[in-house]
Structure formats: structure tokens, C-alpha cells
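> Quick one, structure for this:
(one chain, ligands or ions: 1)
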Amino acid sequence: MNQKFLLKIAEKLGTPLYVYSEEQIRKNYREFLSAFKSRYRNTKIFYALKANSSLAICHILRQEGSCADVVSIGELKVAQRIGIKPKDIIFTNNSKTDQDLDDAIEAGIIVNIDSIDELHRLHKIAKNKRKAVNVSFRVNPAIDPKTHPKISTGLKESKFGIHLENNIALDAYITAQTLDWIEIKGIHTHIGSQITDMNAFKDMTEKIMQFTLELKEKIGLELKFIDLGGGLGIQYTDDATPTPDDYAGTIIPVVNEYNKKLNYEPELWFEPGRYILGNVGVLLCKVTGVKETPYKKFVNVDAGFNVLMRPSMYDSYHRIQVLNRIDENATETYDIVGNICESGDILARERKLPRVKGGDIIAVYDTGAYGFSMSSQYNQRPRPAEILTWGGTVEVIREKETFDDLLRNQKAPNDLID
Ligand code: LLP
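The predicted structure is shown next:
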């Protein structure tokens, strides 16, 4: 999406605004799929809806043939709404309620079990409903993915998964084999997000394949699928990052090696979110004014961490451009700050930009994943609109919320309203 086009969209539709490129979504999906499929025929992609669960986005991925990784019944509703078949939906979460489990059984999707306690609760509900449920276990391989601590999920101390050590995961499979209403279909792991260290993925694959072999040798269990989760990083800065081709080139030889010993070929599943959506989206915001203190220069914009949480939550870096000044020299150093009443509401620190003025339009790049989906109404602010572009066309796929939306579902005594 070129800068002039983005500027025009901002002028026409207002800010803040998320803009996505449909071409880029399809391109990323195809790149990811073909990197694996060209090396391993039995590959399936389960797009991680948490990256962006807007209907139009998910629908595009459905058209591309994607299955769905959901983490809540809300995300399940999205997957159902766009017509993804139950057998193509996997439900992962470490803290499912009995109602969640009941809904999942009813929907006929795969439940990815996170604890022994959950296995027993799930079985009890399935037995009561007299409806068998397909399951996998999320295992914790105790691997440091060398990414931000808040998005590392397979460490020994993490809250996720069933540990491989001391036969804990093996015992879970053995127990599951004795339960009439549980159908074991696979194994799952997800060690973190924004991973750029291919060795972490290699170690993860070795541990999962070794355990899959153990399941076959010790309890005669063959799995339909091995789900290695998501996690591949994208390039936010000037430093190049590994591609799906690098990732597939690293792990598929490991899988093939183990398959010889397994004597069968399980399906390989992946759950990319960030790689498919990250570089697809741009957040457009407007400069409300510039402030110079004796210590710093601030650019105030009309979007805060209620719109884009990542910089405040993970100190993440996003490229920034002043769209109406791309030909001007970067002579100033600014902090670009949001409109939320908290000091941590900083979108970008110490950026060299041309001299900025009120009314300028700023683009915050690579915000398609975990941008809108993590937005909130904090400070009683409506969430922004989302726009999809295709060639030169522009479509609103989610309207901006209104002030009425903010008050909807609330109650106050009439005398307080008056
Ligand atoms: N599968 C599972 C079970 C997950 O928990 C996640 C992400 C994914 C797949 C997709 O991972 P990806 O390919 O997108 O890395 N809000 C954070 C990222 C949190 C990721 C949570 N789980 C951020 O903005 O960086």
C-alpha cells in the first residue's frame, strides 16, 4: 500500500484507522503453506484467530483453505460463522470452564487438553452427553524460545501444557486410552511467539518427535496429527528475520528422520498468526499537536495503547512514517505518544522524523497482528474502524464504535443519569 493511497484513506475515513491489504494476506498464507507443503505433503494450516479475528479477514483465510486455531468460544463462533468444518477447528486454552468444554463437545471440534484435571472434566461431560470428543494434548517441552518473556509459552515454569519430564505427558495419554468417550487424535505444542531462533524450533521438533515415537513404542499409539503451533517471527526492524522457508528447511528433515522410525506419516499442523497478518496492517493516526519540553520533543497522536497495545505491553518496535512528509529530511528526534492518561502510553521512542505539525498523518507499520485484536475501550474510547484494501478498492470491514456502543449493556439508576 503506497503512502499516497494511505493518506487518501486517512483523509476520507478519518483516524485512528487500521488498514489491511488483502493481497498481502493471501501472499503470506501461500508463502507459509508452500514452504512446508513442498517439503511435507501432509501439511495443514490452522490460522491463529487471536492475531486478528475480524470476520472478513478470517473469511479470506478460509477461502485460501485455512483451518482454525481458536482459544475461546467467541473465536469458535467466528470460525463457525465463516463455515470452517468442526474437524478443522482446534480449541486450545489453559483454563477452560465446564461450559467451554460442553460447547466444544457440542460443536464437534478438537479439544486440545492442557492438564490431567481438564482431561477428567472433559470425559465426564462427554460421557453425560453421550458424545465422544476428539482430543490432543498440549505438551510443554521446556524450551527457551529466546523471545520476549511475556510471549514465551513453553518454558519449564510456563502455565501452559503438560510436561514431558517424569512421564507426566505419557501418563496423560495412557489415562486417555482408558476413557471411553475420549478419542486421541494428536499432540500439540506452542513454545512462544515472534521466534527468530531456528534452533529453538529444531529442539522443539526433536522433543515432540521423540515423544511421538515413545507413544508408538511404549503404548502402541499412532497419532493422526502433530501440531507444532505458531510462533514464527516477522521483520519489524531493519534486521532480516528467518522466513517460512528457513523454518521448514530446519524442521522437516527432523520430522522425516523420525517418520522412518515411526513407520507412519502423521499430518503436520501449524498455527501461524503473526506471520500471516503482521505485515498486512498499518495503523493510521493523526498528529493532534507537538510539544517540546526542556527534555524531550513529543508528537501527540489520536491513538493510544487502547488502539495498539504492543509497544506498551512488550516494548515492541514498529516502523513509523509521517505520510505527508516522506520526501522531507528527518531532522528531529521525537517520542510519538498516545492519548491515554498513562505515562507508558508511548507508541514509538526516540524516532528521527521530519519536523512534524498538527494534522500530519502518521503510519505505524506491521500492526495487522495483535493490533486491533488487543484493542480496548480504556479511557472510554470507542475502538477504531478496520479497512480492507484490494488493488485500488477500499472496504470498511468493521465500523468505528460509537459512544452509544460504549454505554450499551450498562445500567444506571435513572436519577443518576438525569
Ligand atoms: N497457537 C497458540 C496456541 C498460541 O498461543 C499462539 C499465540 C499462536 C498459535 C500464534 O502464534 P504466532 O504465530 O502469532 O506467533 N500479543 C502478543 C502475541 C501473543 C501470542 C499468543 N499466542 C504480541 O502482540 O506480540
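> Flag every residue of this protein that's near the ligand.
Selection of the chain residues close to the ligand by CB under 6 Å from any ligand atom yields 48, 50-51, 69, 92, 151, 190, 193-194, 229-232, 271-275, 310, 314, 369-370, 374. For glycine as for every other residue, the C-beta is placed from the backbone atoms N, C-alpha and C.
> Restricted to helices, list these.
274-275, 310, 314 (DSSP state H).
> coming back round to it: which of the residues of the chain next to the ligand fall within strands?
48, 69, 92 (DSSP state E).
> from the residues you listed, which is closest to the ligand?
residue 48 (3.5 Å; CB to the nearest ligand atom).
> Quick check: residue 366 vs the ligand, distance?
Remark: distance between residue 366 and the ligand (CB to the nearest ligand atom, to the nearest Å) = 11 Å.
> show me the contacts for that residue.
Contacts for residue 366 (CB atoms under 8 Å, 6 or more residues apart in numbering) come out as 234-236, 278-279, 281, 318-319.
> Can you tell me which of these comes closest to the ligand?
Nearest to the ligand out of the contacts of residue 366 is residue 278 (CB to the nearest ligand atom; 7.8 Å).
> How many residues are close by the closest one?
Residues near residue 278, counting by other CB atoms under 10 Å, number 26.
> again, but for residue 24
Neighbours of residue 24 (other CB under 10 Å): 18.
> Could you number the chain from 544 rather than 1 from now on?
That works, and once the first residue is 544, the last one we named lands at residue 567.
> What helix or strand is it located in?
Using DSSP states H and E, residue 567 falls within helix 565-580.
> correct me, but residue 913 touches residue 591?
No. Counting by CB atoms under 8 Å, residue 913 sits too far from residue 591 to count as a contact (10.0 Å).
> Identify the contacts common to these two.
Shared contacts of residue 913 and residue 591, defined by CB under 8 Å, 6+ apart, are found at residue 816.
> So for the two, which residue has more residues nearby?
Each of residue 913 and residue 591 has its neighbours counted (other CB under 10 Å); residue 591 has more, 28 against 25.
> Can you check the pLDDT for that one?
If you check residue 591, the pLDDT there is 98.
> Excluding covalently adjacent residues, which one is nearest to it?
Beyond its immediate neighbours in the sequence, the residue positioned closest to residue 591 (CB to CB, 6 or more residues apart in numbering) is residue 816, lying 3.2 Å away.
> Relative to the ligand, which of the ones in helices among the residues of the chain next to the ligand is nearest.
Of all those, the ligand sits closest to residue 817, with 3.5 Å by CB to the nearest ligand atom.
> returning to what we had before: and the helix holding residue 567, average pLDDT?
Averaging pLDDT along helix 565-580 gives 98.
> centre of the chain versus it, how much separation?
16 Å (CA atoms, centre = their mean, to the nearest Å).
> cool, stretch 787-804 as well?
Distance of stretch 787-804 from its chain centroid, counting by CA atoms, centre = their mean, is 24 Å.
> contacts for that stretch?
Here stretch 787-804 makes contact (CB under 8 Å, 6+ apart) with 574-575, 578-579, 581-583, 741, 744-745, 748-749, 752-753, 755-756, 769, 771, 775, 808-809, 811, 818.
> could you redo the last one with a cut-off of 7 Å?
Outside stretch 787-804, the residues within contact range by CB atoms under 7 Å, 6 or more residues apart in numbering are 574-575, 578-579, 582-583, 741, 744-745, 748-749, 752, 755-756, 775, 808, 811, 818.
> coming back round to it: now the ones in helices among the residues of the chain next to the ligand in CSV, with distance to residue 829, pLDDT and neighbour count?
Output for those, formatted as CSV (distance: CB to CB, whole Å; pLDDT from 0 to 100; neighbours: other CB atoms under 10 Å):
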residue, distance to residue 829, pLDDT, neighbour count
817, 27, 98, 25
818, 30, 98, 26
853, 20, 98, 20
857, 25, 97, 16
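> Most widely separated two among those?
Farthest-apart pair in those is 818 and 857; separation 16.9 Å (CB to CB).
> max-length strand in the protein?
When the chain is parsed with DSSP E, its longest strand is strand 824-835.
> That strand pairs with which strands, parallel or anti?
If you go by DSSP bridges, strand 824-835 pairs up with strand 560-564 (antiparallel), strand 840-844 (antiparallel), strand 904-908 (antiparallel).
> That one: how far from the chain's middle?
In terms of CA atoms, centre = their mean, the centre of strand 824-835 is set 26 Å apart from its chain centre.
> Keeping just the C-alphas, turn that strand into PDB.
Only the C-alpha atoms of strand 824-835 are listed here, as PDB (Å, rounded to 0.1, in the frame of the first residue of the first chain):
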ATOM      1  CA  GLY A 824      -1.800  -4.000   8.500                       C
ATOM      2  CA  VAL A 825      -1.000  -0.300   9.000                       C
ATOM      3  CA  LEU A 826      -2.400   1.900  11.800                       C
ATOM      4  CA  LEU A 827      -3.100   5.400  10.600                       C
ATOM      5  CA  CYS A 828      -3.300   8.200  13.200                       C
ATOM      6  CA  LYS A 829      -3.300  11.900  13.200                       C
ATOM      7  CA  VAL A 830      -1.000  14.300  15.000                       C
ATOM      8  CA  THR A 831      -3.000  16.400  17.400                       C
ATOM      9  CA  GLY A 832      -0.100  18.600  18.300                       C
ATOM     10  CA  VAL A 833       3.700  18.800  19.000                       C
ATOM     11  CA  LYS A 834       5.100  19.600  22.500                       C
ATOM     12  CA  GLU A 835       8.600  20.500  23.300                       C
END
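> Report how many residues lie close to residue 886.
8.
> and it, helix, strand or coil?
Using DSSP: H, G, I helix; E, B strand; the rest coil, the structure places residue 886 in coil.
> Equivalent analysis for residue 848, please.
coil.
> and it, what pLDDT?
Note on residue 848: pLDDT of 98.
> residues touching it, list them.
Counting by CB under 7 Å, 6+ apart, residue 848 touches 855, 881, 883, 888.
> what do you get for residue 624?
residue 598.
> State the phi and psi torsions of it.
Backbone torsions of residue 624, given as degrees, to the nearest 10, read phi -60, psi -30.
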